[in-house]
Structures are given as C-alpha cells and as structure tokens.
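Enquirer: Just the structure for this:
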Amino acid sequence: MLSKNIFGKYDAQIKLLFALLGAGLLIFAAYQVYKWLKGTTPPPGAEEQQHVNQNNLTYQIGDYSILADSLEAAMVTSGTDEAAVIETLNQLQTADDLRQLITTFGKRTNYVFSIPQYTENLVYWLQEELSGSDKDKVQAVFNKFSIPF
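Expert: Next up, the predicted model:
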C-alpha cells in the first residue's frame, strides 16, 4: 500500500524548504516591482552633455576606458567594492578627467542573476551602488570638480 507521505521522515523539512523558497521568490518579485515603480530617472545634471577640454586631461584617452571598466567591475561584483571605486575616482586630477570618465563609461547595464536591473550612466551607478560615508566620499570628488552628483 502506498503512503501519502512521499518524503517520509523529512516531510517537515521539505515543506519548510519550499516555504522559504516561495518567500524568497516573493521578496525578489516585490523588489523587481519596486525597481520598476521607482523608475530609472537620472539625477539632475547627469544627462547634460559632458564638455571635455582634451588639453586638460591627465591621462591618455584609452586610460579612461580602463578606469571605466575598473569602476564597473568594482560595482558588479557580489557587494560593491567601495574602496576600489573611491581609489579610482581619487586618481582623477581635473574636472575634465571626471567628465571624460563619465563620457567613456557611457550607459551600461547592471545585471543581477542575469536579469537586467538598469542601463544608466556612471553617476546613476554610483548613486545606486554606494551609501553612507562611501557615497559622501564620492560626492566630495564631484564637488571638488563642481560636477553635479
């Protein structure tokens, strides 16, 4: 005779596992709805054309691609590497360095579990990925060069 309890002595643990998985999926879905409702409106000034005076650049043009890729790598890892972000931004010596970095970064897509979360510019990425004193440090870099953050 077949038993209705197909999991045997592990029935309670299996039910708990399914309940936790269901709760996790519900939380993830709620977060996706929140992100959708929040929208991806860039901060004021972020979409303004960045006018770069090439004579004021500290680095070669190709170096800004390396810096932009470094920033992206620091922000897409599991947990943002705030120290790497701040270290990279502190290498900039002029306002045109920062403008060129923003221009070179362009708009990139951030993925979580292979699901696109947003496609935005560097300013948006920094505001999304940083908080607290780390965000304040980045704000100070932007303020130093009179560029809106």
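Enquirer: residues near Leu57, how many?
Expert: By the criterion of other Cβ atoms under 10 Å, Leu57 has 18 neighbours. Backbone N, C-alpha and C define where each C-beta goes, glycine included.
Enquirer: how far away is it from Leu71?
Expert: The gap separating Leu57 from Leu71 is 17 Å, by Cβ to Cβ, to the nearest Å.
Enquirer: Equivalent analysis for Ala84, please.
Expert: 8 Å.
Enquirer: Looking at those two, which is more packed in?
Expert: Per other Cβ under 10 Å, whichever of Ala84 and Leu71 has more neighbours is Leu71, with 23 against 15.
Enquirer: contact partners of the helix or strand where that one lies?
Expert: Assessed by DSSP states H and E, Leu71 sits inside helix 61-76. Helix 61-76 has contacts (Cβ atoms under 8 Å, 6 or more residues apart in numbering) with 59, 80-82, 84-85, 88-89, 91, 97, 100-101, 103-106, 108, 110-111, 122, 125-126, 129.
Enquirer: Could you tell me how far that helix lies from the centre of the chain?
Expert: 13 Å (Cα atoms, centre = their mean, to the nearest Å).
Enquirer: Next SSE downstream of that helix?
Expert: helix 82-90.
Enquirer: Okay, buried residues for that next one please.
Expert: Neighbour-count burial for helix 82-90, counted by 16 or more other Cβ atoms under 10 Å, picks out Glu82, Val85, Ile86, Thr88, Leu89.
Enquirer: go on, stretch 140-149?
Expert: For stretch 140-149, using 16+ other Cβ under 10 Å, the buried residues are Val141, Phe142, Ile147, Phe149.
Enquirer: from the residues you listed, which ones fall inside helices?
Expert: Val141, Phe142 (DSSP state H).
Enquirer: Nearest to Gly22 among the buried residues of stretch 140-149?
Expert: Phe149 (39.7 Å; Cβ to Cβ).
Enquirer: residue contacts, that closest one?
Expert: Pro43, Val123, Leu126, Gln127, Val138, Gln139, Phe142, Asn143.
Enquirer: Please apply the same query to Ala95.
Expert: Taking Cβ under 8 Å, 6+ apart, we find Ala95 in contact with Asn56, Phe145, Ser146, Ile147.
Enquirer: ranges for the helices of the chain?
Expert: 11-38, 61-76, 82-90, 95-105, 122-129, 132-144.
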